[in-house]
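Participant: Provide a 3D model corresponding to the input given below.
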Amino acid sequence: QVQLVESGGGLVQAGDSLRLSCAASGSTISVRNMGWFRQARGKEREFVAAVTWRGDTTYYTDSLKGRFTMSRDNAKNTVYLQMNNLKPEDTAVYYCVASKPYANYNRERGYDYWGQGTQVTVSS
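Facilitator: Alright, predicted model coming up:
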């Protein structure tokens, strides 16, 4: 079992940056694929980014490449999502996710653990 707690969300203006953190407890993330999803009000949940447990590959949804950067710090059992040049359409609840240990990467369905989410609101 792994527990995930996101932090770092808030209200910002368009063009600002935010860094979300996801602190894991109960188990190491070093052997887990980790990711971020988001869900805007009235919309379907959307994949944002993920990094494999080997740490050799990071995936992003195409529309966010170049603005969002995901990283992991296994020593701190934490993953991060750096979000730059934020836009109003980035407004959503952002969720951190984790797979079972040594799982094969699956972009949409490969996660068994979810955090409670952190709200990001970008004003125009």
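Participant: tell me the centre residue of the chain?
Facilitator: The chain has residue 36 as the residue nearest its centroid, 2.4 Å off, counting by CA atoms, centre = their mean.
Participant: so it touches residue 98, yeah?
Facilitator: No - Residue 36 is beyond contact range of residue 98, at 10.8 Å (criterion: CB atoms under 8 Å). (C-beta placed from N, C-alpha, C; glycine too.)
Participant: ok so, going back, and the residue nearest to the centre of the chain, what does it touch?
Facilitator: Contacts here follow CB atoms under 8 Å, 6 or more residues apart in numbering; on that basis residue 36 touches 20, 22, 48-50, 70, 79, 81, 94-97.
Participant: let's have these in TSV, adding pLDDT and neighbour count.
Facilitator: Conversion of those to TSV gives the following (pLDDT from 0 to 100; neighbours: other CB atoms under 10 Å):
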residue	pLDDT	neighbour count
20	98	24
22	98	27
48	97	25
49	97	24
50	96	25
70	97	22
79	97	28
81	98	25
94	98	23
95	98	22
96	98	30
97	98	22
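Participant: for beta bridges, what are the partners of the residue nearest to the centre of the chain?
Facilitator: Beta bridges link residue 36 to residue 49, residue 96, judged by DSSP bridges.
Participant: now do residue 82
Facilitator: Counting by DSSP bridges, residue 82 forms beta bridges with residue 19, residue 69.
Participant: how confident was the prediction at it?
Facilitator: Residue 82 carries a pLDDT value of 98.
Participant: gap between it and residue 36?
Facilitator: According to CB to CB, to the nearest Å, residue 82 and residue 36 sit 11 Å apart.
Participant: what do these two both touch?
Facilitator: Each of residue 70 lies in contact with both residue 82 and residue 36 under the rule CB under 8 Å, 6+ apart.
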